[in-house]
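> okay, here's the prediction I keep looking at, along with the sequence it came from:
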Amino acid sequence: MASGAAPSILDRRLVFVTGKGGVGKTSVAAALAHLSASHGRRTLVCEMDAKGSLADAFDASPLTFKEREVEPNLFAMAMNTEDALREYLRLFVKVPFLGKIGPLARTFDFVADAAPGVREILTVGKFCWEAKEHNYDLIVVDAEATGHIVAQIGAPLVIRDLVQVGLVRDQTDWMLEVLHDPTVTGVAVVTTPEEMPVTETLGLLDRLADETGVEATTLIANRVLPALFDRRQTAIVDRLDEVEDLLVDAAGKNVRAVMEAAHITEARRRIGSAHLSRLREHTDLPMLMVPELFTRATGRRVVSLVADALAEEFD
């Protein structure tokens, strides 16, 4: 297991996966869910933005609010605000099933646009309810990106401050019990070894606990370039330019291209390592590494490869 990685992020019942757009957040969320299900745990994974990326990760048809099994023990769904509202009314307001709630949904949209946190509390409440009722061993949420996750997870806290009594206040109380219990809820922040993703991650770490009461649990560094050379070999590579002409004479002009590729790759790795060092200096959270896959594969193949890499980190 990676240094300090215990307890595992998979030991929780509710895990939000966030990260800057483009860092592979959905692939990591799918891989965590796949890894959990492969160990026999009943697992739910949900896509928040309904872009279809999660369905693509499992080579599945488009997902809906109604979860369906995409692998043994693994169920997947996509968040839909109107369906979440219908479920909320059925469970908590005790309103019987409504076939079409268009007018009510439009009223809800009006209220949600005027009051912060109203829309988000439905989505977060869905996952908190599933965790509270132990309907799944693990719920993995492919959550909003780093720029929006604070508003999403922090919605119950915002609503509780706005509403002092009544049904809504009661609902936020039990949601906060789920969210603020570190043995139940975790946040995995995905980054890549690049300047902007690391900077956004640092900003999120500074805000998350203060503004939501939910602490980040794990960092996952995705697309990490492997070291091509050990320390002694790196020193030799750095000096190859001194004998480049001799090497070209001995092995041909292609040597120059190989040397350039080695220099570029090693330079990228060093820069990436420096960015990840910034994270380590800022926090003692466990950091799991997922290497650059160097593959054109998509869908389940990528999910499987990422899951294998994470499994090695957990060992």
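That came through fine.
> for the stretch 101-250 of the chain, give me the ranges with low pLDDT.
For the stretch 101-250 of the chain, the stretches with pLDDT under 70 are 101-118, 163-169, 228-231, 233-250.
> which parts of it are strands?
138-142, 185-191, 218-224 (DSSP state E, counting those that start in this stretch).
> is it true that T295 touches S304?
No: contact status for T295 versus S304: not in contact, 11.0 Å apart, counting by Cβ atoms under 8 Å. Backbone N, C-alpha and C define where each C-beta goes, glycine included.
> who has more neighbours, those two?
S304 (16 against 9; other Cβ atoms under 10 Å).
> the more buried one: what's it in contact with?
With contacts taken as Cβ atoms under 8 Å, 6 or more residues apart in numbering, S304 has the following neighbours: 31, 34.
> now it: phi and psi?
Here the main-chain torsion angles of S304 (degrees, to the nearest 10) amount to phi -60, psi -40.
> what separates it from R12, distance-wise?
Distance of S304 to R12, given as Cβ to Cβ, to the nearest Å: 22 Å.
> same check on R90?
In terms of Cβ to Cβ, R90 sits 27 Å off from R12.
> next one: D49
According to Cβ to Cβ, D49 stands 22 Å off from R12.
> which of those two has more neighbours?
Each of D49 and R12 had its neighbours counted (other Cβ under 10 Å), and the higher figure belongs to R12 (24 against 15).
> hang on, that one packs against T183?
Yes: taking contacts as Cβ under 8 Å, R12 lies within contact range of T183: 7.0 Å.
> need the helices for this structure, in chain order.
Remark: helices of the chain, listed N- to C-terminal, are 25-38, 53-57, 81-88, 102-114, 118-132, 149-153, 155-162, 167-179, 195-212, 231-238, 244-251, 254-282, 300-314; assignment by DSSP state H.
> what's the closest of these to A221?
Closest approach to A221 among those (Cβ to Cβ): helix 254-282, 5.7 Å.
> what's the angle from that closest one to helix 195-212?
Regarding helix 254-282 and helix 195-212, their directions subtend 20 degrees when assessed with axes from the mean of the first three to the mean of the last three Cα atoms, to 10 degrees.
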